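Enquirer: here are the coordinates; sequence isn't available:
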């Protein structure tokens, strides 16, 4: 049987092709891609899980005090539920998502540069070091803008979601500044907003279902404890809460799927508007170009 050819990133795709090719890309690059993700994101995923487990343990202690009819002031109750552990878990969650985004998109950029060949971890790390602070700052700014747009009216937030999603692929694939990537995202998505939104929406549903599979043990354990101990006591123990938190946070790995789809959305819209993949293939005829370093900065 003939071996399947490595997937070409820079090509036009409709919604269904983008979704199916996302799975194909992950299947073909499963070992090197997840090796990079676990290498560079694993520590932050564990940190998120640990701080989330600490928060759950603290919440259990708070529930025990409530069931014991010990009186607490509203502020004390708030601090028992949302203390430093909650802040730390949100902080590490932001870091893990940022580094995962940088890792996956850097992997895809290098994969294309190398002619559809999986990059090494050292090559991916060189890209991560170059882009991580840019992506982290962009994540913070775009999150604020998206929250404001959603609070003013839901529709602006929905409209901006796929546009903002293209900022990071542009930033990494084209080595652009945040300002350049922000402006270019509005340009390249013209006439392709619905396809991009559709891909992200469907991938969001698939990702949610996948994440719920990781969360299912927590739900089962909670129901068993509730049936065993009744509703008048705390529904789970400290060890169970800690293990459940670790399992649930391990589900962050599923976010690789929408990130790959986002990268394919970028290549799709740029190929439709500019034919970048075709131009690259034409320019490479008769040349033996070595692996390129980071592209020149664009603004």
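Expert: Received it, and whenever you're ready, just let me know what you need. All values reported here derive from a predicted model rather than from experimental measurement.

Enquirer: so what's residue 265 up against?
Expert: 18, 162, 165-166, 169, 195-196, 199-200 (C-beta atoms under 8 Å, 6 or more residues apart in numbering). Using the backbone N, CA and C atoms, a C-beta is placed for each residue, glycine as well.

Enquirer: just the element for it, please.
Expert: helix 256-274 (DSSP states H and E).

Enquirer: need phi/psi at residue 13.
Expert: Residue 13 adopts backbone torsions of phi -140, psi 150, taken as degrees, to the nearest 10.

Enquirer: count the residues that sit near the nearest residue to it once chain neighbours are set aside.
Expert: Excluding its sequence neighbours, the residue lying closest to residue 13 (C-beta to C-beta, 6 or more residues apart in numbering) is residue 268, at 5.0 Å. Number of residues near residue 268 (other C-beta atoms under 10 Å) recorded here: 26.

Enquirer: contacting residues for residue 268?
Expert: 11-13, 18, 192, 195-196.

Enquirer: and the two most separated of the contacts of residue 265?
Expert: 169 and 195 (14.8 Å; C-beta to C-beta).

Enquirer: these two: which has the busier surroundings?
Expert: Higher neighbour count among residue 169 and residue 195: residue 169, with 25 against 19, using other C-beta under 10 Å.

Enquirer: would the more buried one count as being in a helix?
Expert: Yes: according to DSSP: H, G, I helix; E, B strand; the rest coil, residue 169 belongs to a helix.

Enquirer: so what's it closest to, chain neighbours aside?
Expert: Per C-beta to C-beta, 6+ apart, closest to residue 169 is residue 266, 3.6 Å.

Enquirer: could you report the pLDDT at that neighbour?
Expert: Residue 266 is assigned 96 on the pLDDT scale.

Enquirer: quick one, helices of this structure?
Expert: Using DSSP state H, the helices of the chain run over 15-28, 30-67, 74-81, 84-113, 121-152, 154-165, 167-173, 178-188, 193-229, 238-250, 256-274, 276-283.

Enquirer: contacts for stretch 99-111 next, please.
Expert: Under C-beta under 8 Å, 6+ apart, the answer for stretch 99-111 is 9, 25, 29, 32-33, 36-37, 40-41, 44, 117-119, 123-124, 127-128, 131-132, 135, 139, 168-169, 172-173, 252, 255-256, 259-260, 262-263.
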